[in-house]
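Participant: with the sequence up front, the predicted model follows.
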Amino acid sequence: MRIGEIAALVGVTPRAVRHYHHQGLLPEPTRRANGYRDYSVRDAVLLARIRRLTELGLGLDEVRDVLADDAGRELVEVLEELDDDLARQQGLLSERRERLGAVLEQARSGRLPAEGPVSPELAALFGSLAAETAGRPESATAAKDREVLALLDTVVPAGERDRLLGAMRRMTEAPGAVERAYEVYGLLDALADADTGDPRVEEAARALADCMPDEVADGLGEKGTPAGEGGSTFMDAFFAEFPPAQAEAVRRALRLVAERAR
């Protein structure tokens, strides 16, 4: 293959091919008698790998390191890895399209929450809560609760997210659970301008702890703070969103849940 042919095959420009030669990423091929470069299938495989690695965001120095690690392997090994890489990309693309389809369905039906886009599972939870609380005055704490759930829906690993949403769903499905939750929201709303020593802090903390499912304790240490790396960083940011008395009530509730689990 000539340079224009290999470039067209892989989906890059001849200029890019020359640049990869200049950077030492793509070895110079043999030349024909007329002086034109003569590229092989192995050259095309290597060029395709360089293209994919750069599309993944690797810099040229990082690409060089990856290629050096692969030196000396048989062509069939490289082709099999390329096939595996493409399969993984196809799977990720299918997953993204599935999630996008769910969000589109929410938007088209008017069910996209203000905190969205969120996962279909959280959207269903928000939808059931909206139906249960139709006509109620909006609670500032309830709105903040939804924002935190939307954040967790995005940042926590899928397995932990499913466990959390499952616990929330079971909690809201219990008889009278939504009414009790809004009573707690009212207690917390009343602490917006209170001091941390206000006796209502303990009342709100105990009411909140009574509403929390036992599964909450699975991710808490002995002091009611999230166990594991990054937990304290998230909770510092979480509590910074609350006025002092509300933050103290939530901290106290988490400690009560941790104590209950021991």
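Facilitator: Cool, got the structure.

Participant: low-confidence stretches in the protein?
Facilitator: 70-76, 78-79, 102-103, 106-107, 109-117, 131-133, 135, 215-235 (pLDDT under 70).

Participant: which residues of it fall in helices?
Facilitator: Secondary structure of the chain (DSSP state H): helices located at 3-10, 14-22, 41-55, 60-69, 75-108, 120-132, 140-155, 158-173, 177-189, 200-211, 231-240, 244-261.

Participant: of all those helices, which one is nearest residue 32?
Facilitator: helix 3-10 (11.7 Å; CB to CB). All C-beta atoms are positioned from the backbone trio N, CA, C, and that covers glycine.

Participant: and that closest one, what does it pack against?
Facilitator: Other helices and strands packing on helix 3-10, by 3 or more CB pairs under 8 Å, 6 or more residues apart in numbering; DSSP states H and E, are helix 14-22, helix 41-55.

Participant: could you tell me how many residues sit around the closest residue to residue 119 other than its chain neighbours?
Facilitator: Leaving out its chain neighbours, the residue that sits closest to residue 119 by CB to CB, 6 or more residues apart in numbering is residue 153, at 5.3 Å. Neighbour count for residue 153, taken as other CB atoms under 10 Å: 20.

Participant: thinking again about what came up before, same list, the helices of the chain, but as JSON lines with distance to residue 30 please.
Facilitator: Listed next are these as JSON lines, based on distance: least, CB to CB, whole Å:
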{"stretch": "helix 3-10", "distance to residue 30": "13"}
{"stretch": "helix 14-22", "distance to residue 30": "13"}
{"stretch": "helix 41-55", "distance to residue 30": "10"}
{"stretch": "helix 60-69", "distance to residue 30": "20"}
{"stretch": "helix 75-108", "distance to residue 30": "17"}
{"stretch": "helix 120-132", "distance to residue 30": "55"}
{"stretch": "helix 140-155", "distance to residue 30": "52"}
{"stretch": "helix 158-173", "distance to residue 30": "49"}
{"stretch": "helix 177-189", "distance to residue 30": "74"}
{"stretch": "helix 200-211", "distance to residue 30": "74"}
{"stretch": "helix 231-240", "distance to residue 30": "56"}
{"stretch": "helix 244-261", "distance to residue 30": "69"}
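
Participant: looking at these, spot the one closest to residue 29.
Facilitator: helix 41-55 (5.6 Å).

Participant: which other residues reach that closest one?
Facilitator: 1, 6, 9-12, 17, 20, 25-27, 29, 60, 62-63, 66-67, 70, 75, 78-79, 82, 85 (CB atoms under 8 Å, 6 or more residues apart in numbering).

Participant: now do 7 Å
Facilitator: 6, 9-12, 17, 20, 25-26, 29, 63, 66, 75, 78-79, 82, 85 (CB atoms under 7 Å, 6 or more residues apart in numbering).

Participant: in that helix, what's buried?
Facilitator: Applying a neighbour-count criterion of 16 or more other CB atoms under 10 Å, the buried positions in helix 41-55 are 43, 44, 45, 46, 47, 48, 49, 50, 51, 52, 53, 54.

Participant: also stretch 29-41?
Facilitator: The neighbour-count check on stretch 29-41 (16+ other CB under 10 Å) flags 29, 37, 39 as buried.

Participant: cool, and stretch 137-151?
Facilitator: For stretch 137-151, burial by neighbour count (16+ other CB under 10 Å) applies to 139, 141, 142, 144, 145, 146, 149, 150.
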